[in-house]
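Participant: Based on what follows, work out the 3D shape:
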Amino acid sequence: MTSKRPIFRNINKPVLRQEGFTLLETLVAMMVLSIALVIVFQLFSGALNAGHISESYTLAVWHAREKMDELLLYETLSEEIQEGDFEDGYRWRYLIEQAAADSQLNLESAAAFTITVWVSWEEGQKTRQMDISALTIAKLPDV
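Facilitator: Have a look, this model is predicted:
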């Protein structure tokens, strides 16, 4: 016959406990870590993409300034539209048009011109474009 006796712990005797993590705690920690890594990789990818777009726009500005500087060197200007390609895949187009006559400008052989330069390029499925404009005074072509 077995008797059921209550088990009392000795207060002075330390209770042995198992140290470590349970399987559930380990799985929760792995899930938190995986979610954090996905977020970090998305941020990193976004930063790389923003850097690439910034580099593309910087190169487009350089090309636009190059074409604008070339046009501003001409001594005579007339209204015209031209377009072409740069060697690295960027395309340019410019428009030169005579600005509205200002009553304070009293020029006989010169006129004010507005020059607008557009630069465009393909980036993935998108076509991006930027433009710059300048106002200059140049001689009219001899007729």
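Participant: Would you list the phi and psi of the residue lying closest to residue 120 once chain neighbours are set aside?
Facilitator: Nearest residue to residue 120 in three dimensions, chain neighbours excluded: residue 129, at 4.2 Å (CB to CB, 6 or more residues apart in numbering). For glycine as for every other residue, the C-beta is placed from the backbone atoms N, C-alpha and C. Phi and psi for residue 129, reported as degrees, to the nearest 10, are phi -150, psi 150.
Participant: Contacts only, for the residue nearest the centre of the chain.
Facilitator: Geometric centre of the chain, nearest residue: residue 53, 3.2 Å, by CA atoms, centre = their mean. By CB atoms under 8 Å, 6 or more residues apart in numbering, the contact set of residue 53 is residue 123.
Participant: I'd say residue 77 and residue 138 touch.
Facilitator: Yes. Using CB atoms under 8 Å, residue 77 is in contact with residue 138, at 4.0 Å.
Participant: Give the intersection of the neighbour lists for the two.
Facilitator: 111, 113.
Participant: Of the two, give the one with the bigger neighbour count.
Facilitator: Higher neighbour count among residue 77 and residue 138: residue 77, with 22 against 19, using other CB atoms under 10 Å.
Participant: Check the secondary structure at residue 84 for me.
Facilitator: Counting by DSSP: H, G, I helix; E, B strand; the rest coil, the backbone at residue 84 sits in strand.
Participant: and it, how many neighbours?
Facilitator: Counted with other CB under 10 Å, residue 84 comes out at 9.
Participant: so it touches residue 90, yeah?
Facilitator: No. Contact between residue 84 and residue 90 fails when scored by CB under 8 Å: they sit 10.1 Å apart.
Participant: For the residue nearest to residue 133 when sequence neighbours are not counted, what is the enclosing helix or strand?
Facilitator: The shortest distance from residue 133 to any non-neighbouring residue, by CB to CB, 6+ apart, is to residue 116 (4.6 Å). Residue 116 belongs to strand 110-123 when elements are defined using DSSP states H and E.
Participant: helices or strands up against that strand?
Facilitator: Applying 3 or more CB pairs under 8 Å, 6 or more residues apart in numbering; DSSP states H and E, we find strand 110-123 packed against helix 23-72, strand 91-98, strand 126-139.
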